[in-house]
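1. Would you be able to build a 3D model of this:
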Amino acid sequence: MPTGDAASAVLVLAGGCFWGVQGVFQHTTGVSEALSGYAGGAEKTASYHMVGYGDTGHAESVRVTYDPKVIKFGKLLQIFFSVAHDPTQLDRQGPDEGPQYRSAIFPVNAAQADVAKAYIAQLNKARVFADTIVTKIETDKPFYRAEKEHQDFMTLYPDSPYIAENDLPKITELKKFFPEEFRATPVLIGRAS
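-> Residues are numbered from 1 along each chain as shown. Purely as a prediction, here's the structure:
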């Protein structure tokens, strides 16, 4: 979480395939960048080919850079837990299975870890979900940027059957449940990056 009047803060989240999670946060007001990548493992195994085997320790993740004066950390957590993925699915989301698709938060500081833990406990106590939340809080895990072909995937390939079935409904839910935070035009990484 930011301190003082910081212009930007960072949050790293994992909730299944990074295409959908990135797409959700690219459509969230106050987010200046949502970058697909890998977190939880070593730098030498931070590649799509290697992570796909499920034995690298990595999860497909998204690094969200946001303006805390526009959107709060807590609101980003709400969006993550309610529309970006199903936090009760252990090592899977939709058709994707394996630890690389786990639900996780990679806090960048102790304050983020504390808030995330408290939020999960609050959701479980209130029985917001029928099943217990399995989201892991994984500290001291660096984030590594994914390959260019995995950036802006939802925007570039909206007609992909995978995107149409698994990810576009998340954008519809974001617009429905968070109309004030929804932005129609996504903030993109761009192919040249």
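2. Next one: Thr29 from Val70, what distance?
-> As for Thr29, its distance to Val70 is 6 Å (criterion: Cβ to Cβ, to the nearest Å). Bear in mind the C-beta positions are built from the backbone N, C-alpha and C, glycine included.
3. Touching both of those two, which residues are there?
-> Listed contacts common to Thr29 and Val70 are nil; contacts here mean Cβ atoms under 8 Å, 6 or more residues apart in numbering.
4. what ranges do the strands span in the chain?
-> Taking DSSP state E as the test, the strands found in the chain are 9-15, 31-39, 59-66, 92-93, 96-97, 103-106, 136-137, 143-145.
5. What residues sit buried inside the lengthiest helix in the chain?
-> Once the chain is assigned using DSSP state H, the helix that runs over the most residues is helix 110-125. Along helix 110-125, the positions that meet the burial threshold by neighbour count (16 or more other Cβ atoms under 10 Å) are 112-113, 115-116, 119-120, 123.
6. Could you do stretch 141-153 as well?
-> Those buried within stretch 141-153 under the rule 16+ other Cβ under 10 Å are 141, 143-144, 146, 150-153.
7. circling back to that earlier point, any idea which of the buried residues of helix 110-125 is closest to Glu181?
-> Nearest to Glu181 out of the buried residues of helix 110-125 is Tyr119 (Cβ to Cβ; 16.7 Å).
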